[in-house]
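Engineer: I would like the atomic coordinates for the input below:
(one chain, ligands or ions: 1)
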Amino acid sequence: MGTVAAIDLGASSGRVMIGTVGPNTLSLRAVARFPNTPVRTVDGLHWNILELYRSATAGLAAAFREEPGITSIGVDSWAVDYALMSGQRMLGQPFHYRDERTAAGVADTHAVVSPAELYATNGLQFLPFNTLYQLADDRHAGALGAVDTMLLIPDLFTFWLTGVQVAERTNASTTGLLRVDTGTWDDALISRLGLPRAIFPRLVDAGTRVGPLLPAVAAEIGAPAVVQVTAVGSHDTASAVVGVPMTTDDAAYISSGTWSLVGVELGRPVLGEAGRLAGFTNEGGVDGRIRYLHNVMGLWLLSESVRTWEQGGDAIALGTLLEQAALAPSAAVFDVEDPRFLAPGDMPARIAGWFTERGLAAPATRPELVRSILESLAAAYARTLDDAARLSGTTIRRVHIVGGGSQNALLCQLTADATGLPVLAGPVEATAIGNVLVQARAQRLVTGDLETLRALIAAAYPPVIHHPRRAPRTSERLETPTSDPGMSRNP
Ligand code: LFR
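Structural biologist: Below is the predicted model of the structure:
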């Protein structure tokens, strides 16, 4: 048995957790939680990355005070965003993916490579903030001149902790510049887009020991200098999927937080046009798995609504609001996928606008609006799972919800109702759990494949089951038989 520490940075908050792991043991405890509040300056929306690093290292210091025997640290965060480096120096503050600067980058990129051609090689769903579009904007702005390295956010933290610059592969797969077939940087695409090949660091897999802490960092956080930083599934969603306690191969997952990542795990990518048009991505998972999923807008709709109301001067008790929403009658459903909901802003007004533009009555009260958001999310989950099963030729008979949304009983129940399938809720900290377990395996505290790790999670954090309150809409809906026997869910 041994202990490791996970830094898990989400779009609205971060945490440092200590994980204790053995062949039959798994327990996590949080030692630090801190907000992640972006900052808008004249050039756009940025992450407050230094504040995040300060909070994370303060959390590590607390972790080592509590548990001096920690042997490894791993970092995960949201995907796609990056710092531009010149030697050891970070040039400017990383942009937030919700900054709207990338429209020109999308047009520039698609003028060179069509969306269909991109999908065939990188397998990625179109999201206007994918790294390749952001880099196109940097290139356009002349910001790449002095740059010798691009580091994705978790890789930046790993660099600050160890002095070693690498690109962890699951997160690199979200840049759009990695080939989905080989998992290597797409040199041809990089050159066609006029990007400097040299800025893309050496790729490493989750589980790689990147290096020991820099002596100065070890001293600052009170850690022994031998502590290793281990690459984990550094894309938070990759760690979250490791952390889904799937014990059967007919399970789908929803990683429900700021975003809802809805899909299945596959042994190999699905690259057809139908998948591209349905917005499905083939992101790289831990152990070479494929995360075949779609980004649904997520609880951002709710958190941004709450932020809007609070800015207006009202104190919002979210718990009470959710209780009232649970008692509210069934609400009208809107399309959560509408791009108008992507950028920060007055979400209640935008949602109302969606209804009124169609001559429909918008939710009249706050509980009704909350109910409408949750029902709309559940409807989008059901539609997306339907697509996932159809496009990948898999059968889905149960749905796991992990992350913050797993604690929202109303959302879980509405999802069970909308899909007609049992929803298995939890663990809430699936991402940190996935982070911890990949480190623990690299430290030989546990052995085995992802199924072995997930059995450990299922035993330590038994999910709460929400049964559908009515039969599936159609019995066949989520049960598309496998047409290609090679398309096995697990390799
Ligand atoms: C979730 C997530 C998604 C990614 C989005 C932007 O936190 O990492 O997987 O599409 O954030 O990076």
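
Engineer: Next, residue 61: secondary structure please.
Structural biologist: helix (DSSP: H, G, I helix; E, B strand; the rest coil).

Engineer: so what's it closest to, chain neighbours aside?
Structural biologist: residue 221 (4.4 Å; C-beta to C-beta, 6 or more residues apart in numbering). Yep, even glycine has a C-beta here, placed from its N, CA and C like the rest.

Engineer: Can you tell me how far that neighbour is from the ligand?
Structural biologist: 25 Å (C-beta to the nearest ligand atom, to the nearest Å).

Engineer: Ok, residue 411 next?
Structural biologist: In terms of C-beta to the nearest ligand atom, residue 411 sits 17 Å off from the ligand.

Engineer: Neighbours of that residue, how many?
Structural biologist: For residue 411, the neighbour count with other C-beta atoms under 10 Å is 29.

Engineer: Now do the same contact list for it.
Structural biologist: By C-beta atoms under 8 Å, 6 or more residues apart in numbering, residue 411 lies in contact with 256, 374, 377-378, 401, 405.

Engineer: Greatest separation within the residues you listed: which pair is it?
Structural biologist: For those, the farthest-apart pair by C-beta to C-beta is 374 and 401; their separation is 12.3 Å.

Engineer: more crowded one of these two?
Structural biologist: residue 401 (31 against 27).

Engineer: Report the rounded mean pLDDT for the helix or strand harbouring that one.
Structural biologist: Using DSSP states H and E, residue 401 falls within strand 398-402. Strand 398-402 shows a mean pLDDT of 98.

Engineer: Pull the contacting residues for the residue nearest to residue 365 when sequence neighbours are not counted.
Structural biologist: Among residues not flanking residue 365 along the chain, residue 328 sits closest, at 7.9 Å (C-beta to C-beta, 6+ apart). With contact set as C-beta under 8 Å, 6+ apart, residue 328 has these partners: 365, 367-368, 370-371.

Engineer: JSON lines for the contacts of residue 411, including secondary structure and distance to the ligand?
Structural biologist: Converted to JSON lines, the contacts of residue 411 look like this (DSSP: H, G, I helix; E, B strand; the rest coil; distance: C-beta to the nearest ligand atom, whole Å):
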{"residue": "256", "secondary structure": "strand", "distance to the ligand": "10"}
{"residue": "374", "secondary structure": "helix", "distance to the ligand": "19"}
{"residue": "377", "secondary structure": "helix", "distance to the ligand": "15"}
{"residue": "378", "secondary structure": "helix", "distance to the ligand": "19"}
{"residue": "401", "secondary structure": "strand", "distance to the ligand": "14"}
{"residue": "405", "secondary structure": "helix", "distance to the ligand": "12"}
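
Engineer: What is the burial count for residue 25?
Structural biologist: 16.

Engineer: Which residue, other than its chain neighbours, is closest to it?
Structural biologist: residue 1 (5.7 Å).

Engineer: Now do the phi/psi pair for the most centrally placed residue in the chain.
Structural biologist: The centroid of the chain falls nearest to residue 237 when counting by C-alpha atoms, centre = their mean (3.3 Å). The phi/psi pair for residue 237 (degrees, to the nearest 10) reads phi -70, psi -30.

Engineer: Spatially nearest residue to it, not counting backbone neighbours?
Structural biologist: The shortest distance from residue 237 to any non-neighbouring residue, by C-beta to C-beta, 6+ apart, is to residue 261 (4.9 Å).

Engineer: and that neighbour, that's in a strand?
Structural biologist: Yes. Residue 261: assigned to a strand according to three-state DSSP.

Engineer: Surely it touches residue 292?
Structural biologist: No. The pair residue 261 / residue 292 is not scored as a contact, 10.6 Å apart, by C-beta atoms under 8 Å.

Engineer: Can you name the residues of the stretch 201-350 of the chain that neighbour the ligand?
Structural biologist: 235-237, 257-259, 261, 295 (C-beta under 6 Å from any ligand atom).

Engineer: residues in contact with the residue nearest to residue 237?
Structural biologist: Neighbours of residue 261 in contact, by C-beta under 8 Å, 6+ apart: 237, 240, 253-255, 291, 293-296.

Engineer: separation between residue 209 and residue 143?
Structural biologist: According to C-beta to C-beta, to the nearest Å, residue 209 stands 33 Å off from residue 143.

Engineer: By proximity to the ligand, which residue of the stretch 251-400 of the chain wins?
Structural biologist: The ligand sits closest to residue 259 of the stretch 251-400 of the chain, with a gap of 4.5 Å, by C-beta to the nearest ligand atom.

Engineer: burial measure for the closest residue to that residue other than its chain neighbours, as a count.
Structural biologist: Nearest residue to residue 259 in three dimensions, chain neighbours excluded: residue 298, at 4.0 Å (C-beta to C-beta, 6+ apart). Residues lying near residue 298 (other C-beta under 10 Å) number 25.

Engineer: so what pLDDT did residue 298 get?
Structural biologist: 96.

Engineer: secondary structure class for it?
Structural biologist: Per three-state DSSP, residue 298 ends up coil.

Engineer: And this structure, split by domain according to the record?
Structural biologist: 2-237, 246-426 (the TED database).

Engineer: Mind putting those into a markdown table with distance to residue 436?
Structural biologist: Converted to a markdown table, those look like this (distance: least, C-beta to C-beta, whole Å):
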| stretch | distance to residue 436 |
| --- | --- |
| domain 2-237 | 3 |
| domain 246-426 | 13 |
